[in-house]
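In: model the structure of this input:
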Amino acid sequence: MIDNPALVLTGIGLAASIIYYANILNNANKTRELQLKAQENSLKARQGQLIQTYILETIEKKSLDYQVDHLLSAYWSSFEEWVEKYWKDPEYQKAFIWIQVAMNGMGTCVSEGILDIRIVALFNADGVIHYWEKHKDIIYEQRRRRNSPRYCDMWEYVYTELKRYIEIHPELKP
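Out: Residues are numbered from 1 along each chain as shown. Below is the predicted model of the structure:
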């Protein structure tokens, strides 16, 4: 026979409490896992939206032909020549500023983890690389003249990260 029924009941109550608490913790962990998965899916959806917006913005720009024809085909031997030949042209200026904003935005999204560099490599590696390599000396000179070391730094960041990524994944080389 049981000598102390209160002690047995306490033990049963304690065991039931432990089982109940373990079940609550298990459910909490499952809920957290589901929330993390939902966040990952949300991030992927947001990345897709960013790329889609970027594509639509690029397509809608009336200066797209100008960007391709003039920004990449322009040649200069010095910053002063670039200013005289190109920067004084309002259409070139508009296209150049738009490219700066687009590339800086892309770089910011990559640096903040909003946009995966793989997506950039798959989608726009050629554009990022060509535009940066074409204009980097102009950017560096503007940084120096403006005393603004962060001028277009996110554009340079996405370029550097993209080159690093392509080095690891040469099959994505443009």
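
In: in the chain, which spans are helices?
Out: Secondary structure of the chain, counting by DSSP state H: helices at 5-60, 64-66, 79-82, 90-111, 117-146, 153-168.

In: ok, of these, where does mean pLDDT dip lowest?
Out: Among those, helix 64-66 carries the lowest mean pLDDT, a mean of 61.

In: middle-most residue in the protein, spatially?
Out: Nearest to the centroid of the C-alpha atoms of the chain, with distances taken as Cα atoms, centre = their mean, sits V110, at 2.3 Å.

In: quick one, what contacts it?
Out: 116-117, 120, 157-158, 161 (Cβ atoms under 8 Å, 6 or more residues apart in numbering). From N, CA and C alone the C-beta is placed, and that goes for glycine too.

In: quick one: it and V128, what's the gap?
Out: Computed as Cβ to Cβ, to the nearest Å, the V110 to V128 distance reads 10 Å.

In: so what's in contact with the two at the same time?
Out: Shared contacts of V110 and V128, counting by Cβ under 8 Å, 6+ apart, come down to 120, 158.

In: give me the buried subset of the contacts of V110.
Out: 117, 120, 157-158, 161 (16 or more other Cβ atoms under 10 Å).

In: farthest-separated two in the residues you listed?
Out: V120 and Y157 (11.2 Å; Cβ to Cβ).

In: neighbours around Y165, how many?
Out: Neighbourhood size, Y165 [other Cβ atoms under 10 Å]: 17.

In: quick one: it and A121 touch, right?
Out: Yes - here Y165 reaches A121: they are 5.4 Å apart, a contact under Cβ atoms under 8 Å.

In: what touches both of these two?
Out: L172.

In: how about the CA coordinates for stretch 123-137, as PDB?
Out: Below are the C-alpha coordinates for stretch 123-137, written out as PDB (Å, rounded to 0.1, in the frame of the first residue of the first chain):
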ATOM      1  CA  PHE A 123      20.300  38.700 -63.700                       C
ATOM      2  CA  ASN A 124      22.700  41.600 -64.300                       C
ATOM      3  CA  ALA A 125      26.300  40.700 -64.000                       C
ATOM      4  CA  ASP A 126      27.200  42.100 -67.400                       C
ATOM      5  CA  GLY A 127      25.600  45.500 -66.700                       C
ATOM      6  CA  VAL A 128      27.100  45.900 -63.200                       C
ATOM      7  CA  ILE A 129      30.600  44.900 -64.400                       C
ATOM      8  CA  HIS A 130      30.600  47.000 -67.600                       C
ATOM      9  CA  TYR A 131      29.100  50.100 -66.200                       C
ATOM     10  CA  TRP A 132      31.500  50.100 -63.200                       C
ATOM     11  CA  GLU A 133      34.600  49.400 -65.200                       C
ATOM     12  CA  LYS A 134      33.700  52.000 -67.700                       C
ATOM     13  CA  HIS A 135      33.100  54.700 -65.100                       C
ATOM     14  CA  LYS A 136      35.200  53.800 -62.100                       C
ATOM     15  CA  ASP A 137      37.900  56.400 -62.800                       C
END
